[in-house]
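**Student:** Provided below for reference: sequence and predicted model.
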Amino acid sequence: MKSAPKTFHVKSFGCQMNVYDGERMAELMAAQGMSAAGTADDADLIVLNTCHIREKATEKVYSDIGRLRKVARAAGRDTPMIAVAGCVAQAEGAEIVARAKVDVVVGPQSYHRLPALVADAVAGRPALDTELPALAKFGALPARRRAGPSAFLTVQEGCDKFCTYCVVPYTRGAEISRPWTAIVDEARALVDAGAREITLLGQNVNAWAGEDEAGRTRGLGGLIRALDRLPGLARIRYTTSHPNDMAQDLIDAHRDVEGLMPFLHLPVQAGSDRVLRAMNRHHTRDGYLRLIDRVRAARPDIALSGDFIVGFPGESEAEFAETLSLVDTVGYAQAFSFKYSPRPGTPAADLAGQVAPEAMDDRLQRLQAALGRDQIAFNRASVGRRCAVLVERPGKLPGQMLGKSPWLQSVHLMTDASVSDLVEVDLVSAGPVSMAGIERVRRAA
Ligand code: SAH
Ligand code: SF4
Ligand code: F3S
C-alpha cells in the first residue's frame with residue numbers, strides 16, 4: 001500500500017479546454033479534502049494534463065515524468081504519485097504505464113473518476129480509465145466556486161471533422177454539446193464567483209446546438225444572446241470555431257450583442273485548395289475569404305485570428321505561397337502557426353511527400369514574419385481608439401495593471417483600479433505584443 005496523497009498539483013499543457021479540465025480536476029481534488037501544493041515539486045500527487053496534438057507536446061510528458069521523479073529523489077522525498085490525464089492518456093492508455101510506470105491514467109472524458117482511481121492506485125490496484133462517456137463527467141463535478149476576472153466554460157466537446165493531420169477526433173471523441181441549462185447555471189456560478197468575462201470553449205465551439213428553456217432549437221449565437229443577459233457578466237468570447245459551422249445567427253450576434261467581444265479565432269490551416277482538400281478541411285480558400293467578408297460586414301472592427309500548418313505532406317513552394325497571400329488578404333490581428341507533425345494513426349502520417357525539415361523551418365519563419373508584421377500593423381491601427389480594458393493582474397511596475405482590450409490585446413496602464421475592474425482607456429501606443437493605455441473612466445466590479 002502506498003500512502004494516500006494529501007497535496008496535489010495539476011499541470012496543464014495544450015489548449016484552453018485542457019486549462020478548463022485542469023481547473024475542474026483541481027476543484028474535484030480540493031472537494032476530496034486534498035490541498036493544492038504551490039508547485040509540482042512539493043506535491044504528493046501530480047496530475048499531468050497532457051496534449052497530443054504534435055509530437056513535441058507528447059514527448060514533453062515523458063521528460064516531465066523523469067524530471068519530477070529526479071527532483072523528489074534529490075530532495076530525499078517519497079516518489080510522488082503521478083497521474084497522466086488529457087489527450088496523451090486517451091491516445092496511449094496502458095502504453096504510458098508500461099513506458100513510464102505512472103500510477104494513474106485517465107482520459108479527458110472520465111476525469112471525474114480521478115479520486116476513485118487515486119484510491120485504486122493507493123490500494124495497489126490498476127488505475128486506468130479511458131472510456132469516452134459523453135458528458136458523464138459534468139454531472140459528477142463540484143459546483144464552480146472560484147473564478148478570476150476571465151473564466152473558461154466548456155460548452156462543446158469533441159470533433160467529427162477528421163482533418164487528416166489531427167488527433168483530436170480520436171482523443172476527445174465525437175462532437176457533443178452540453179445542455180443549455182447546465183451551461184447557463186455554470187455561467188451564473190462563475191459570475192457569482194467573480195468572473196466578468198466568460199470564454200465559451202469547444203474543440204468546435206460553433207457547432208454547439210441545443211434547446212433553450214422553451215424547447216426551441218438554438219445555436220451558439222442563441223446561447224450567447226441568452227448569456228449576455230446574465231447580470232454581472234460584461235464580456236463573452238468563444239473559441240475555437242470551424243469555418244463550416246459559422247452560422248448566420250452567430251455572425252449576426254457579432255452585430256447585435258454588445259457583450260460579445262469583436263474577436264474571432266477562425267483557423268484556416270492553409271491557403272491552397274489542393275492542400276485544404278488533402279487536409280479534409282471541407283472548405284475552400286475562397287469560401288473562407290467570403291466568410292470573413294460576411295463577418296466583417298456584421299462587425300467591421302472585428303479582430304481575426306487563425307491557425308496555420310506549414311509543410312503538410314506534398315505542400316509545394318507555390319502552394320505555401322498561397323498561404324502567404326491568404327494571410328496578406330485577411331490581415332490577422334494575431335495567429336498561431338505550426339510545422340506539420342505526423343501523428344500516429346492519422347491518415348496524413350502515411351502520405352507520400354513529407355516535406356524536408358529545412359523547408360518546414362524556412363516556411364514557418366516566413367509565415368511568422370508575415371503574421372508578426374500584421375499583428376504590429378493591427379496594434380498600430382488601434383492607437384487612438386478608446387475602449388474598455390478588463391483588468392486582469394498587476395503589471396511589473398508599481399501602480400501598473402495589465403488587462404485586455406475588446407480585441408484581445410494585452411494593455412498595460414497606470415491606474416489604481418483593481419483586478420476585475422473595467423477601465424475606459426485611450427490606447428496610446430503599440431508594441432508587437434501589447435498596447436499602452438491611459439485611463440479615462442472606471443466602472444467598478
Ligand atoms: N478545432 C480547431 C483546432 C484544434 S487543434 C480547428 O479545427 O481549427 C489546434 C491547432 O493545432 C490546429 O488548428 C492546427 O493548426 C494545429 N494542429 C493540429 N494537428 C496538427 C499536426 N498534426 N501538426 C501540426 N499542427 C497541428
Ligand atoms: Fe482537428 Fe480538424 Fe477537428 Fe480541428 S476540425 S479538432 S483540426 S480534426
Ligand atoms: Fe492538445 Fe487535446 Fe487540446 S491534443 S490541443 S489538449 S484537445
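**Tutor:** Received, thanks. Ligands and ions are numbered 1, 2, ... in the order given.

**Student:** contacts, neighbours, all on C-alpha from now
**Tutor:** OK.

**Student:** ranges for the strands of the stretch 251-400 of the chain?
**Tutor:** Using DSSP state E, counting those that start in this stretch, the strands of the stretch 251-400 of the chain run over 263-265, 303-310, 334-339, 386-394, 400-404.

**Student:** next, format those strands as TSV and append distance to ligand 3 and mean neighbour count.
**Tutor:** Converted to TSV, the strands of the stretch 251-400 of the chain look like this (distance: least, C-alpha to the nearest ligand atom, whole Å; neighbours: other C-alpha atoms under 10 Å):
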stretch	distance to ligand 3	mean neighbour count
strand 263-265	14	22
strand 303-310	12	21
strand 334-339	12	18
strand 386-394	24	22
strand 400-404	23	21
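
**Student:** and the residue of the stretch 301-445 of the chain closest to ligand 3?
**Tutor:** residue 343 (10.6 Å; C-alpha to the nearest ligand atom).

**Student:** show the contacting residues for that residue.
**Tutor:** 53, 54, 55, 165, 166, 167, 349 (C-alpha atoms under 8 Å, 6 or more residues apart in numbering).

**Student:** repeat for residue 80
**Tutor:** 43, 44, 45, 46, 69, 72.

**Student:** pLDDT value on the fifth one, please?
**Tutor:** Read that as residue 69. On pLDDT, residue 69 comes in at 92.

**Student:** show the buried residues in the contacts of residue 343.
**Tutor:** Among the contacts of residue 343, those classed as buried by 16 or more other C-alpha atoms under 10 Å are 53, 54, 165, 166, 167, 349.

**Student:** for the last one, which non-adjacent residue is closest in space?
**Tutor:** Spelled out, that is residue 349. residue 342 (4.7 Å; C-alpha to C-alpha, 6 or more residues apart in numbering).

**Student:** that older thread, what about ligand 3: which of the contacts of residue 343 touch it?
**Tutor:** Applying C-alpha under 6 Å from any ligand atom, the subset of those adjacent to ligand 3 comprises residue 53.

**Student:** sorry, back to before: out of the strands of the stretch 251-400 of the chain, the one nearest ligand 2 is which?
**Tutor:** strand 303-310 (9.1 Å).

**Student:** packing partners of the closest one?
**Tutor:** The elements that strand 303-310 packs onto, with contact taken as 3 or more C-alpha pairs under 8 Å, 6 or more residues apart in numbering; DSSP states H and E, are strand 263-265, strand 334-339, helix 357-382.

**Student:** same thing but at 6 Å, please
**Tutor:** strand 263-265, strand 334-339 (3 or more C-alpha pairs under 6 Å, 6 or more residues apart in numbering; DSSP states H and E).

**Student:** touching ligand 1 at all, the first one?
**Tutor:** No. Using C-alpha under 6 Å from any ligand atom, we find that strand 263-265 stays clear of ligand 1, coming within 8.5 Å at best.

**Student:** now the strands of the stretch 251-400 of the chain in TSV, with mean pLDDT?
**Tutor:** Shown next, in TSV, are these (pLDDT from 0 to 100):
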stretch	mean pLDDT
strand 263-265	98
strand 303-310	98
strand 334-339	98
strand 386-394	97
strand 400-404	98
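
**Student:** between the ones you listed, which one is nearest to residue 271?
**Tutor:** In terms of C-alpha to C-alpha, the element of the strands of the stretch 251-400 of the chain nearest to residue 271 is strand 303-310, at 9.1 Å.

**Student:** any bit of that closest one sitting next to ligand 1?
**Tutor:** Yes. Counting by C-alpha under 6 Å from any ligand atom, ligand 1 has neighbours in strand 303-310: 307, 308, 309.

**Student:** got the CA positions of that strand in PDB?
**Tutor:** Backbone C-alpha positions of strand 303-310 (Å, rounded to 0.1, in the frame of the first residue of the first chain) are rendered in PDB as follows:
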ATOM      1  CA  ALA A 303     -10.100  41.200 -34.900                       C
ATOM      2  CA  LEU A 304      -9.300  38.000 -36.600                       C
ATOM      3  CA  SER A 305      -7.100  35.200 -35.500                       C
ATOM      4  CA  GLY A 306      -6.100  31.900 -37.100                       C
ATOM      5  CA  ASP A 307      -4.200  28.700 -37.000                       C
ATOM      6  CA  PHE A 308      -1.800  27.600 -39.800                       C
ATOM      7  CA  ILE A 309       0.100  24.400 -40.600                       C
ATOM      8  CA  VAL A 310       3.200  24.700 -42.800                       C
END
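
**Student:** what's next to that strand, contact-wise?
**Tutor:** Residues from elsewhere that reach strand 303-310 (C-alpha atoms under 6 Å, 6 or more residues apart in numbering): 263-267, 269, 332-340, 407.

**Student:** ditto for stretch 240-259
**Tutor:** 203-207, 221, 228, 234-236, 266, 295, 298-299.

**Student:** does that stretch come close to ligand 3?
**Tutor:** No. Stretch 240-259 lies apart from ligand 3 when judged by C-alpha under 6 Å from any ligand atom; the minimum separation is 10.5 Å.
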